[in-house]
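Give me coordinates for this.
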Amino acid sequence: MLHNFRELIAWQKAMQLAKSAYLLSANFPASERFGLVSQIQRAAVSIPANIAEGAGRPTPKELVHVLSFSLGSAYELETELLLAKYLMYIDEQQSEQINEEVKEVQKLVYSLMKKYQPTNGNLQ
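Predicted structure coming up:
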């Protein structure tokens, strides 16, 4: 359907977000390696991975369905990053910076979903 997911701004920004999340979580306490760090990294990589998977789906309905997983992972990541802030693993500035990235990706994925939803007459 979309085939070249690498050209999608949503995918590009999601890849940057995943990189940011990995770099940020690398500084968490060692005791969180299999806890919060693992959760953050899985959620972060799931966002661009699901965008790419959705781009390869044959119908708009399937694309939107898979993009919904990506959006869900973005909200999961936002929650995990808020917890990291509450636990003081990241400071206010770090939290604000990555939260801006998360919000941008959420908006881009949502916009992509709206573009291909059946209500827009895009279903074949």
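
Show me what secondary structure element comes after the top helix by length along the chain.
Longest helix of the chain, by residue count under DSSP state H: helix 60-86. Moving toward the C-terminus from helix 60-86, the first helix or strand encountered (DSSP states H and E) is helix 92-116.

what is the orientation angle of that next one with helix 60-86?
170 degrees (axes from the mean of the first three to the mean of the last three C-alpha atoms, to 10 degrees).

contacting residues around helix 92-116?
Helix 92-116 has contacts (C-beta atoms under 8 Å, 6 or more residues apart in numbering) with 8-10, 13-14, 16-17, 20-21, 24, 47, 51, 60, 63-64, 67-68, 70-71, 74-75, 77-78, 81-82, 84-85, 90, 120, 122. Every C-beta, even on glycine, is put in place using the N, C-alpha and C of the backbone.

filter these to the buried ones?
Neighbour-count burial (16 or more other C-beta atoms under 10 Å) applied to the contacts of helix 92-116 gives 8, 10, 13-14, 17, 20-21, 24, 47, 51, 60, 63-64, 67, 70-71, 74, 77-78, 81, 84-85, 90.

on that earlier part again, list the helices and strands the longest helix of the chain packs on?
Judged by 3 or more C-beta pairs under 8 Å, 6 or more residues apart in numbering; DSSP states H and E, helix 60-86 is in contact with helix 9-25, helix 36-55, helix 92-116.
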